[in-house]
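>>> need a 3D model of the sequence below.
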Amino acid sequence: MTARLLQFLALMPLLILLSPSADAQTASPKLAKLCDEFWQEHLKATPVTATSLGDKRYDDRLDDITPAGIAADQKRLEAVLARANAIPEASLGPKDKLTRTALITEVEDELAELSCGFQDWTVDPLGGPQAEFMDLADYTIIETPGDAANYVKRARLMGRYLDDHIQNLRTGKSQGKVAARDAVEKTIDQITRINRTPAESLGVWKPAIEPHPAWSQAERERFQNDLAEAIRTSLLPGIERYRAFLEKEILPVSRSPEHAGLADLPQGVDCYRKMIRVHTSLDMTPEQIHAIGLEEVAKFRSDLAVLGQKVLGTSDVAEIQRRLRTDPEMHFKTGAEVEAKAREALARAQAAVPQWFGLQPKKPCEVKVMGMHEAPYSTIAYYRGPSADGKRPGTYMINTYMPETRPRYEAEALAFHESVPGHHLQISIAQELTGIPEFRKHQGVTAFVEGWALYTEHLADEMGLYSSDVDRLGMLSFDAWRACRLVVDTGIHSMGWSRQKAIDYMTENSLLAENNIVNEVDRYITWPGQALAYKLGQREILSLRAEAKEKLGARFDIKAFHDAVLGNGAVALPVLRQQVEAYIARAEGAAPSQGQGKASP
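Just a heads-up that it's a prediction; the model follows:
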């Protein structure tokens, strides 16, 4: 998940993480054993992921990103893949077949990503170590002095981790693989901001501000002193070495904005095709995806003209864009307003969920504001999953930086996507499922996760959640934003588009604010292929829903459809089609719906 795909990880109880429950057992003992071993080894190999899932066993470690560590990871995954392929599919029941397919897909995707060698050239202002270390406290549960000691041990490793990252980038540089200039400049600026921030105001220091009230004064002071020493002697010097390295060795040879895509790296086009498969689970060419994007953007312009005439009295797309982008009344004035709107939209959505879903998450979702270490260069929002014990709810992270650039008309669509009925509902349901292996509760295909969240932006309109036609303009804008991604991502990485051409295209064909467009384009440059998942996933879910309604007629029940989509975790889109077709077959033999859920027109 790098690239915040399942960065919004949620937790299962530690007991479940340590040993599979009876519900997680499959009919094939060999497959069940393999799935459990894969998951346990994955947690061990990615200790920060384990922490975010509530598993404390590796809280004193960081991922091994050295060449030896990466080679070991590849060997582990290849062994899992060989064992999974050796289990005859014909010998398995339907549930086990799905699990075997999901395991093979997950492992093949991880191997494909490793083969691209992103660690050798990626400099990331959104999810790089300088940002990740500042966020770590937000999903580390520190309850005992032992937990605190492990947190300190991890902090002491941060300088060495940054040195390993530097060495990887040096290797990439020697092979002609370097990051895009804008990503490097943003990361340097980000680190400069961190260096100017007092240590006691850094995100990594948060747990030491108010240690656990049950601790003794000596335990509190030991934690604070030890953490301060780790920050002073490991983290901050390591970050400064990273900044100096980027400035002196990478920035002078970084790729220009005219050559920002994978196509300008050795083996880049081949890597991009792999990442299309990883993020979408579909065998599509960049040209096919680009064409779909152009069609979707054309549809947006037509729909915007109609709604713009109703709301603003004009059908001229350029005039609609100008008025929405320049009218101060269409934008927030303060960060507090941004936060209040997010809370209000989330509360309204949560109240409507029971009418539209049978499966519902047990864990709550709350709104939280991003820290200033990430906000200037981050996306407008993202989701971070809950802890199993309820000590940390699911979190809708919002960006309130420069609130005057945050459009009011996009706030509701954003909330529905990131929280409910979008990411929080889908991810929490997946992690609360029983009868499936643990890896299927926490891992999965980007196109399912992001396709679902985009699908719910329009579903929210059917649910009556948008406050006005002005807010529906935001829904259209967000839909166009994801359609633009199909055009821009393929343009940058396969067709030689410059960074500025991508920015200009999105400016012309969406309603997004300029600062958001710039950050988004830089995100696509850094995370190749991830942006394709949203629209392609949404299109498949909408297509399946239309097929179900056509075949079932009066038997179609929206609750049952949603439960069929969400009932097996974040599966590949071809597998999702099989699931929905099985639901249709079951429903065709059932009595007509008696209003269990609202069927939309």
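
>>> ok, Trp215 - contacts?
Pro145, Phe223 (Cβ atoms under 8 Å, 6 or more residues apart in numbering). The C-beta positions use only the backbone N, C-alpha and C, and glycine is treated the same way.

>>> what about it, distance to Gly146?
11 Å (Cβ to Cβ, to the nearest Å).

>>> so Tyr383, which of the three states?
strand (DSSP: H, G, I helix; E, B strand; the rest coil).

>>> wouldn't it be in contact with Phe416 here?
No - between Tyr383 and Phe416 there is no contact under Cβ atoms under 8 Å: 11.6 Å.

>>> helix or strand right after the helix or strand of the chain with the lowest mean pLDDT?
In the chain, the helix or strand scored least confidently by mean pLDDT, DSSP states H and E is helix 14-18, which has a mean of 30. Remark: after helix 14-18, the chain's next helix or strand is helix 29-45, criterion DSSP states H and E.

>>> which secondary structure elements does that next one sit against?
helix 47-52, helix 67-85, helix 94-116, helix 438-442 (3 or more Cβ pairs under 8 Å, 6 or more residues apart in numbering; DSSP states H and E).

>>> please find the angle between the direction vectors of that helix and helix 94-116.
If you take axes from the mean of the first three to the mean of the last three Cα atoms, to 10 degrees, helix 29-45 sits at 40 degrees to helix 94-116.

>>> what's the overlap in contacts for Trp215 and Gly146?
Between them, Trp215 and Gly146 share no contacting residue, judged by Cβ under 8 Å, 6+ apart.

>>> what is the top helix by length along the chain packed up against?
Using DSSP state H to define each element, the chain has its longest helix at helix 145-174. Where contact means 3+ Cβ pairs under 8 Å, 6+ apart, helix 145-174 is packed against helix 129-135, helix 217-230, helix 236-245.

>>> in the first one, what counts as buried?
Yep, that's helix 129-135 we're talking about. Pro129, Gln130, Ala131, Glu132, Phe133, Met134, Asp135 (16 or more other Cβ atoms under 10 Å).

>>> what's the neighbour count on the nearest residue to Thr46 once chain neighbours are set aside?
Spatial nearest neighbour of Thr46, excluding adjacent residues (Cβ to Cβ, 6 or more residues apart in numbering): Asp63 at 5.7 Å. Asp63 has 18 neighbours, counted by other Cβ atoms under 10 Å.

>>> got phi/psi on Asp63?
Backbone dihedrals for Asp63, given as degrees, to the nearest 10, come out at phi -60, psi 150.

>>> contacting residues around it?
Ala45, Thr46, Pro47, Val48, Gly69, Tyr161.

>>> compute the distance between the second one and Ala137, please.
This means Thr46. According to Cβ to Cβ, Thr46 and Ala137 sit 18 Å apart.

>>> how about the strands in the protein?
365-369, 381-384, 394-398 (DSSP state E).

>>> indicate which one of the ones you listed is closest to Tyr455.
strand 381-384 (15.2 Å; Cβ to Cβ).

>>> can I get the CA coordinates of that closest one in PDB?
Provided in PDB are the C-alpha atoms of strand 381-384 (Å, rounded to 0.1, in the frame of the first residue of the first chain):
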ATOM      1  CA  ALA A 381      -8.100  14.500   2.700                       C
ATOM      2  CA  TYR A 382      -7.500  10.800   3.400                       C
ATOM      3  CA  TYR A 383      -8.800   8.100   5.600                       C
ATOM      4  CA  ARG A 384      -6.900   6.200   8.400                       C
END
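
>>> got the contact list for that strand?
So strand 381-384 is contacted by 4, 7-9, 138-139, 342, 394-399, 414, 418-419, 422-424, 427 (Cβ under 8 Å, 6+ apart).

>>> who does that strand pair with, and is each partner parallel or antiparallel?
strand 394-398 (antiparallel) (DSSP bridges).

>>> deepest in the core, which of the helices and strands packed on helix 145-174 is it.
helix 129-135 (a mean of 23; mean count of other Cβ atoms under 10 Å).

>>> how far off centre is that one?
The chain centroid and the centroid of helix 129-135 are separated by 16 Å under Cα atoms, centre = their mean, to the nearest Å.

>>> what are the contacting residues of it?
By Cβ under 8 Å, 6+ apart, helix 129-135 touches 48, 124-125, 158, 161-162, 165, 187, 190-191, 194, 202-204, 235, 239, 242, 371, 373-374.

>>> of those, just the buried ones, ChimeraX syntax please.
Here is the ChimeraX selection string for the buried members of these, based on 16+ other Cβ under 10 Å:
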select :48,124,125,158,161,162,165,187,190,191,194,202,203,204,235,239,242,371,373,374
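
>>> just the helices in the stretch 451-600 of the chain please.
Ranges of helices within the stretch 451-600 of the chain are 469-494, 499-509, 514-526, 533-552, 558-566, 573-588, based on DSSP state H, counting those that start in this stretch.

>>> please apply the same query to the stretch 301-450 of the chain.
Under DSSP H, counting those that start in this stretch, the stretch 301-450 of the chain gives helices at 317-326, 335-352, 411-418, 423-431, 438-442, 446-462.

>>> indicate which one of the strands of the chain is closest to Val278.
Among those, the nearest to Val278 by Cβ to Cβ is strand 381-384 (19.6 Å).

>>> off-centre distance for that closest one?
On Cα atoms, centre = their mean, the centre of strand 381-384 falls 7 Å from that of its chain.
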